[in-house]
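Undergrad: quick one, structure for this:
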Amino acid sequence: MVCRQGSGMSDVSLRLLTALTEAVPGSRHLVGDRDVRGRPGRDLPVPLVARAEPLGNLEHVLLGTIQTPDGTRWIYDALHDRDVTGVFIDRVRKDAAPGPVHFQRYVDPSDLPVDLPSLVLTGEQSNTSLVYGDQAILKVFRRLEPGINPDIEIHQALSELGAKHIARLLGSMTADMPNNGIGTTTPASLGMLQEFMSTATNGWDPAETSVRDLMAEADLHADEAGGDFAAEAERLGAATALVHADLAVAFGTDVMPGYQLRERAVAMHAHLEAALAEVPLLAPVEPGLRAAFDAVDTLAGTAEPGADPTHPRRPAPRPGPANCPPVDLA
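TA: Numbering: from 1, shown residues only. Just a heads-up that it's a prediction; the model follows:
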């Protein structure tokens, strides 16, 4: 199946990965292979459900309608259809392998929620997360990359280690993706299921509240303002330190040789070049960033082992626009 798009997109070819659930016959997990302006695109997972009647509660995720021999079908994003999303938990529990998709469970089946409705979280862009009651959260990756997603690898290692300050990994789902028609496949991660920490909060929110309270009471010190974040910041720092210590145990540590430090510095300068080309208003912060990247480059000359003084250094600094207005980063 090939879908024709507008000027920004060329062809999008869809292929069937697997049926989602026989309980909803029109539910399918598809993969879209997108080409953008003639350049090879990426595989995009597309969970869809076709309904014989329009559903008011899914109107916000209606993708369109198609005509079939059996009549009109309304096509929705299946991740919002609660009649469909329970299949992900069920297949993780069973370590199921429908077609090229493999579900893996990392905990006892009794640790997985049963018959709980799902709710899609809002505000995400690159992934879609579904919360099942207050017990589990399923992160569905919206782009397929070769290999196991590092998010899964890291959480699996930390969960096996018994790390206290992470959401335990409950399960994952991967798909065997073809390697450009050469007859082999490579696993690609479709999603991961974790414990849902219902009492957790985003550390940025209390920090923002603290600053707001302090700014509202200009004559007070931070510890006198109602939203003082000092104690929470200390606990957050201690938890972060413990997670990094657990990461060192789970994955070990190494010393980056000089030539790799230099490669990293060159790459950071290249990223900055690209960012400046897209957003010239970044020019006021360019000198500070250049200095930080150059500090990494300087370390490359003293790092041991493996320093490589012949490695190419960063390109010459890009001059910023002469009339670039200042940027307030406060």
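
Undergrad: would you mind measuring from H165 to R235?
TA: According to C-beta to C-beta, to the nearest Å, H165 and R235 sit 10 Å apart. From N, CA and C alone the C-beta is placed, and that goes for glycine too.

Undergrad: with neighbour numbers in mind, choose between the two.
TA: Using other C-beta atoms under 10 Å, the more surrounded residue of H165 and R235 is H165, with 14 against 11.

Undergrad: wait, the more buried one touches A241, no?
TA: No: H165 is beyond contact range of A241, at 9.6 Å (criterion: C-beta atoms under 8 Å).

Undergrad: list the buried residues of stretch 73-88.
TA: Buried residues in stretch 73-88, defined by neighbour count with 16 or more other C-beta atoms under 10 Å: 73-81, 84-88.

Undergrad: again with stretch 55-67
TA: Across stretch 55-67, burial judged by 16+ other C-beta under 10 Å covers 58, 61.

Undergrad: next: stretch 94-114.
TA: For stretch 94-114, burial by neighbour count (16+ other C-beta under 10 Å) applies to 96, 100-107, 112-113.

Undergrad: output it as CSV, nothing but the C-alphas.
TA: Output in CSV follows, covering the C-alpha atoms of stretch 94-114 (Å, rounded to 0.1, in the frame of the first residue of the first chain):
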residue,chain,number,x,y,z
LYS,A,94,2.3,-14.5,27.9
ASP,A,95,5.8,-13.8,26.3
ALA,A,96,3.9,-13.9,23.0
ALA,A,97,5.5,-13.8,19.6
PRO,A,98,2.8,-13.0,16.9
GLY,A,99,4.6,-13.1,13.6
PRO,A,100,7.8,-10.9,13.6
VAL,A,101,6.8,-9.2,16.9
HIS,A,102,8.2,-10.5,20.2
PHE,A,103,6.9,-9.6,23.7
GLN,A,104,9.2,-10.3,26.6
ARG,A,105,8.3,-10.3,30.3
TYR,A,106,10.9,-9.5,33.0
VAL,A,107,8.8,-10.0,36.1
ASP,A,108,6.3,-12.5,37.6
PRO,A,109,3.0,-12.5,35.7
SER,A,110,1.2,-11.4,38.9
ASP,A,111,3.2,-8.1,38.9
LEU,A,112,1.4,-7.1,35.7
PRO,A,113,-2.0,-5.2,35.8
VAL,A,114,-5.1,-7.1,34.7
